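>>> sharing a sequence plus its predicted fold:
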Amino acid sequence: MYNNHMKSKWIADSSVYPGVIFEDITHTFIEPGAKIEPGCYIEVLVRIDSKSTIKENTKIFQGSIIKESVIGAESIIGQYTLIRNNTILLGKNVIGPQSEISDSTFHEGASAYHKAFVSNSSIGEGTQIGASFITANSWHDGNKYDSTIGENVKIGVNVTLVAPVNIERNSIIAAGSTITDEVKENEIAFARARQVNKGAKNEK
């Protein structure tokens, strides 16, 4: 239950952050020490810990959690998204609803749309990542491996990168692909089974 002991952990006075618009500060959870710059808009049920910084004119929508991370200016964080573990967004980034970003850097203008999981990765400037993208970065040996995606890469929906992997600038990854090898600059990568149509069903 949200009792007085719990209230003491969170800032419940919007005057601590002049120029920041809170949809409802009494149902928003900001730890003392969190840095939020003017022009930001924060919806209800958002949690921001004391080690995080939110740069100017950023919008964070309902239920999202920011932990030990920096959100660059003019970014948009969709509903129920978790950003954690020293993630850095360098500005004008869009992270879609129900995504998780961990220990990664998004350069300016890079975006990942809804239900993305990005971990241990560097995402280049202007790169666009489609919905349901996954970096499969944990291996059977218990280690986590890094992936690098260059500038202005276009990645379709339902793509999986099996780390470690390097995607060079201006390349395109087709929807539904599972990428295990390097993709060179300006290449188009397809890595999925070919569709086979068996013919019409028998009619009765």
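Cool, got the structure.

>>> quick one: contacts of stretch 100-113?
With contact meaning Cβ atoms under 8 Å, 6 or more residues apart in numbering, stretch 100-113 is reached by 69, 72, 81-96, 99, 116-131, 133, 151. C-betas here are computed from N, CA, C, even on glycine.

>>> please flag which of those sit within strands.
Using DSSP state E, the subset of these located in strands is 82-84, 88-89, 94-95, 117-119, 121-123, 128-129.

>>> and the furthest pair within those residues?
Arg84 and Gln128 (22.5 Å; Cβ to Cβ).

>>> relative to Asn186, how far out is Ile60?
Using Cβ to Cβ, to the nearest Å, Ile60 is found at 35 Å from Asn186.

>>> brain fart, Asn158
Note on Asn158: its distance to Asn186, by Cβ to Cβ, is 23 Å.

>>> where does this structure dip in pLDDT?
For the chain, applying pLDDT under 70 flags the ranges 1-8, 12, 138, 140, 201-204.

>>> apply 80 and report the result again.
Of all residues in the chain, those with pLDDT under 80 make up the ranges 1-9, 11-14, 138-142, 195, 199-204.

>>> what about the helices in it?
Secondary structure of the chain, counting by DSSP state H: helices at 4-7.

>>> buried residues, stretch 96-111. List them.
Neighbour counts over stretch 96-111 (16 or more other Cβ atoms under 10 Å) mark 96-111 as buried.

>>> just give me the closest of those to Thr28.
Within the buried residues of stretch 96-111, distances to Thr28 taken as Cβ to Cβ reach their minimum at Pro97, with 17.7 Å.

>>> excluding its backbone neighbours, what's nearest that closest one?
Gly78 (3.5 Å; Cβ to Cβ, 6 or more residues apart in numbering).

>>> surely that neighbour meets Ser64?
Yes - using Cβ atoms under 8 Å, Gly78 is in contact with Ser64, at 7.3 Å.

>>> tell me the contacts of Ser119?
Applying Cβ under 8 Å, 6+ apart to Ser119 gives the contacts 100-104, 135, 137, 144.

>>> partners of it in the sheet?
Ser102 (DSSP bridges).

>>> so it versus Glu43, what's the distance?
25 Å.

>>> with Thr135 instead?
Applying Cβ to Cβ, the value for Thr135 to Glu43 is 27 Å.

>>> contacting residues around stretch 19-28?
Under the contact criterion Cβ under 8 Å, 6+ apart, stretch 19-28 has outside partners 10-14, 36-47, 62.

>>> ok, stretch 126-141 next?
Stretch 126-141 is contacted from outside by 96, 107-121, 123, 144-147, 149-163, 175, using Cβ under 8 Å, 6+ apart.

>>> buried subset of those, written for ChimeraX?
Provided next is the ChimeraX selection string for whichever of these are buried by 16+ other Cβ under 10 Å:
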select :96,107,108,109,110,111,112,113,114,115,116,117,118,119,120,121,123,145,146,147,149,150,151,153,155,156,157,158,159,160,161,162,163
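
>>> and Phe117, how far from Leu161?
The gap separating Phe117 from Leu161 is 10 Å, by Cβ to Cβ.
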